[in-house]
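**Q** missing the sequence, but the structure's below:
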Ligand code: CA
């Protein structure tokens, strides 16, 4: 048992006894048949996992993923719980999304507008409310915020983006290096924490994966998996961006032009290894070489150019991306097995989500950032035995601002006034409030990949976006143009729609007190 766990046990004696008495009281009152009033929460949060690569979702590659068994455990979770089909982020980037999940606030209010902006000092985060509600909390994996977790009982964090191979974790006692593959180590630490937690108290365990983030290093057990399979190409792989404003033309996230052959696609020669390869042992590098040398030789001999080169890059990128996802899916499977082994399956809410969406070749792109569909969508799957009807597809518009309030309400705690999000618990119970939102607000700031700052709204039918640096607007009618190929902002037949959506955008922007687009707001 770690010293951190021992400290936890010592400090939790009195509260633990209270929980035991409450549990006995519940049993005596015949409440054993109903869901526990203070269920455990396991929140598995991956990095850059697109909705379209989850079998259960019904996205572009879902059928392929079901056939190839890419996400069997995630799909099983969706079958025993529910998934949110209209789930969005407010700023499609790693650190900003994590800060929003933690605070229940949009980026301009929590301070984390870009990868380099720190979280506002002293800001409320949801583990505080969980601790007040008697929960023990643990976070393990990619944290990617310039702070250590407040009011959290156990934490082991990857340093920044972390590494896939032999990662270093930061804990209260300093840095510690672990040997192995990141997704598996994060799972090992999580399972170990579950085994050694204080069994008398409810808990929230946050399992924060690095995978499947760029540079998509797969676990060795999947090096050969999908090798001879063709991944379906998107219709828009060779998009020319006509019908859209200047930002789509000027971005730097095209698979053809930007994705590199070295770290991204790993057409490397021995002796020219990149950082992740340098972390491997000689035997691990040899295993990688044995799996990919023939592929790389064939690629060099083929001298591909133009569309054929883009097609090859797309196939190989997607295979490594899906292999990383398969590793994350394994992790969820192991966590579910552990919950079952500990008899916690029925008393635990299990949530799977990822920090934003991701492009898998749609519009010729990888990466995220835009308010557009593949980027703004977040996978969100919730299993809550006895509460969520198995197989539910929730349609209300939800956002990452809602997570903090949801976790706190599940735990029976209290949130402070002024959060931007609302608890999803009524929706999970099948009782969507009549005043639930019909639009979500979005604001992106980071300068990378040539995507300019923009804000906008996504409603059930439309996406309205303002690229305010160049003062360009776009409007997409998702009913007629689900792939967002043509902006109808200047189409006279949409004039009334534009007016109505601009009023709604203003209502949200003013309501959230977002002035971060103003010239005096310094955003780096
Ligand atoms: Ca991310």
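**A** Done, it's in. Treat the numbers as computed from the prediction; the structure is a model and nothing was measured.
**Q** residue of the chain nearest the ion, please.
**A** residue 94 (3.6 Å; CB to the ion). For every residue, glycine as well, the C-beta is placed using N, CA and C.
**Q** what's the burial count for residue 504?
**A** By the criterion of other CB atoms under 10 Å, residue 504 has 17 neighbours.
**Q** low-confidence ranges in the protein?
**A** For the chain, residues meeting the criterion pLDDT under 70 lie at 1-34, 269-271, 519-524.
**Q** who touches stretch 220-236?
**A** 60-61, 64, 68, 181, 284, 287-288, 291-292, 295, 311, 314-315, 318-319, 322-323, 326-327, 360-364, 483, 485 (CB atoms under 8 Å, 6 or more residues apart in numbering).
**Q** now the buried members of these.
**A** 60-61, 64, 68, 181, 284, 288, 292, 295, 311, 314-315, 318-319, 322-323, 326-327, 360-364, 483, 485 (16 or more other CB atoms under 10 Å).
**Q** ok, the residue of the chain closest to the ion touching residue 210?
**A** No. Look at residue 94 against residue 210 with CB atoms under 8 Å: they stay out of range, at 9.9 Å.
**Q** show me whatever sits in contact with both of these two.
**A** Contacts common to residue 94 and residue 210, judged by CB under 8 Å, 6+ apart, are 47, 142, 161.
**Q** please produce TSV containing those, extended by distance to residue 455, neighbour count and secondary structure.
**A** Output for these, formatted as TSV (distance: CB to CB, whole Å; neighbours: other CB atoms under 10 Å; DSSP: H, G, I helix; E, B strand; the rest coil):
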residue	distance to residue 455	neighbour count	secondary structure
47	24	25	coil
142	27	26	strand
161	26	16	coil
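**Q** can you point out the buried residues in stretch 480-487?
**A** For stretch 480-487, using 16+ other CB under 10 Å, the buried residues are 483, 484, 485, 486, 487.
**Q** then stretch 75-82?
**A** Buried residues in stretch 75-82 (16+ other CB under 10 Å): 75, 76, 77, 78, 80, 81, 82.
**Q** again with stretch 110-127
**A** 110-115, 117, 119, 123-127.
**Q** picking that back up, list the contacts of the residue of the chain closest to the ion.
**A** 47, 48, 115, 142, 144, 161, 213, 355, 356.
**Q** go through the longest helix belonging to the chain and flag the buried ones.
**A** The longest helix of the chain (DSSP state H) is helix 306-341. Buried residues in helix 306-341, counting neighbours by 16+ other CB under 10 Å, are found at 309-336, 338-339.
**Q** what's the answer for stretch 434-446, then?
**A** Those would be 437, 439, 440, 441, 442, 443, 444, 445, 446, for stretch 434-446 by 16+ other CB under 10 Å.
**Q** over to stretch 267-282?
**A** So, applying 16+ other CB under 10 Å, buried residues of stretch 267-282: 267, 268, 273, 276, 277, 279, 280.
**Q** biggest separation within these, which pair?
**A** Spatially, the most separated pair among the buried residues of stretch 267-282 is 267 and 279, at 19.0 Å (CB to CB).
**Q** name the helices or strands packed onto the longest helix of the chain?
**A** strand 40-46, helix 72-80, helix 182-196, helix 282-302, strand 348-354 (3 or more CB pairs under 8 Å, 6 or more residues apart in numbering; DSSP states H and E).
**Q** columns distance to residue 152 on top of those, output as JSON lines?
**A** JSON lines is the format used below for the helices and strands packed on helix 306-341 (distance: least, CB to CB, whole Å):
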{"stretch": "strand 40-46", "distance to residue 152": "12"}
{"stretch": "helix 72-80", "distance to residue 152": "24"}
{"stretch": "helix 182-196", "distance to residue 152": "12"}
{"stretch": "helix 282-302", "distance to residue 152": "33"}
{"stretch": "strand 348-354", "distance to residue 152": "17"}
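**Q** next, format the buried residues of stretch 110-127 as CSV and append distance to residue 136 and secondary structure.
**A** CSV is the format used below for the buried residues of stretch 110-127 (distance: CB to CB, whole Å; DSSP: H, G, I helix; E, B strand; the rest coil):
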residue, distance to residue 136, secondary structure
110, 25, helix
111, 28, coil
112, 26, coil
113, 32, coil
114, 33, coil
115, 30, coil
117, 30, coil
119, 23, coil
123, 22, coil
124, 19, coil
125, 16, coil
126, 14, helix
127, 10, helix
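**Q** can you add secondary structure and distance to the ion and give the buried residues of stretch 480-487 back as JSON lines?
**A** Formatted as JSON lines, those follow (DSSP: H, G, I helix; E, B strand; the rest coil; distance: CB to the ion, whole Å):
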{"residue": "483", "secondary structure": "coil", "distance to the ion": "23"}
{"residue": "484", "secondary structure": "coil", "distance to the ion": "21"}
{"residue": "485", "secondary structure": "coil", "distance to the ion": "25"}
{"residue": "486", "secondary structure": "coil", "distance to the ion": "28"}
{"residue": "487", "secondary structure": "coil", "distance to the ion": "26"}
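**Q** that older thread, nearest to residue 206, of the helices and strands packed on helix 306-341?
**A** Among the helices and strands packed on helix 306-341, strand 40-46 sits nearest to residue 206 (CB to CB), with 4.9 Å.
**Q** sorry, back to before: include distance to the ion when you put the helices and strands packed on helix 306-341 into JSON lines, please.
**A** JSON lines is the format used below for these (distance: least, CB to the ion, whole Å):
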{"stretch": "strand 40-46", "distance to the ion": "8"}
{"stretch": "helix 72-80", "distance to the ion": "17"}
{"stretch": "helix 182-196", "distance to the ion": "14"}
{"stretch": "helix 282-302", "distance to the ion": "24"}
{"stretch": "strand 348-354", "distance to the ion": "7"}
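**Q** which ones, among the shared contacts of residue 94 and residue 210, also lie beside the ion?
**A** Contacts with the ion within the shared contacts of residue 94 and residue 210, counted by CB under 5 Å from the ion: residue 47.
**Q** quick check, nearest of the shared contacts of residue 94 and residue 210 to residue 396?
**A** For the shared contacts of residue 94 and residue 210, the nearest to residue 396 is residue 47 (25.2 Å; CB to CB).
**Q** surely the closest one and residue 207 touch.
**A** No. Judged on CB under 8 Å, residue 47 makes no contact with residue 207 at a distance of 11.7 Å.
**Q** in helices, which of the buried residues of stretch 267-282 appear?
**A** Short answer: these in helices (DSSP H) are 276, 277, 279.
**Q** which ones are touching the nearest residue to residue 83 once chain neighbours are set aside?
**A** Distances taken as CB to CB, 6 or more residues apart in numbering place residue 381 nearest to residue 83, at 4.6 Å, with adjacent residues excluded. Residues counted as contacts of residue 381 (CB under 8 Å, 6+ apart) are 54, 56, 74, 77, 78, 81, 82, 83, 84, 351, 352, 353.
**Q** format those as CSV; extra columns: distance to residue 493.
**A** Below are these laid out as CSV (distance: CB to CB, whole Å):
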residue, distance to residue 493
54, 36
56, 37
74, 41
77, 43
78, 39
81, 42
82, 37
83, 35
84, 32
351, 42
352, 41
353, 38
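**Q** ok, now how distant is the closest residue to residue 53 other than its chain neighbours from residue 515?
**A** Take residue 53 and drop its neighbours on the chain: the residue closest to it by CB to CB, 6+ apart is residue 61, 5.2 Å away. Using CB to CB, to the nearest Å, we find residue 61 at a distance of 39 Å from residue 515.
**Q** also residue 169?
**A** From residue 169 over to residue 515 (counting by CB to CB), the distance is 38 Å.
**Q** who has more neighbours out of the two?
**A** Neighbour count, other CB under 10 Å: between residue 169 and residue 515, residue 169 has more, with 22 against 11.
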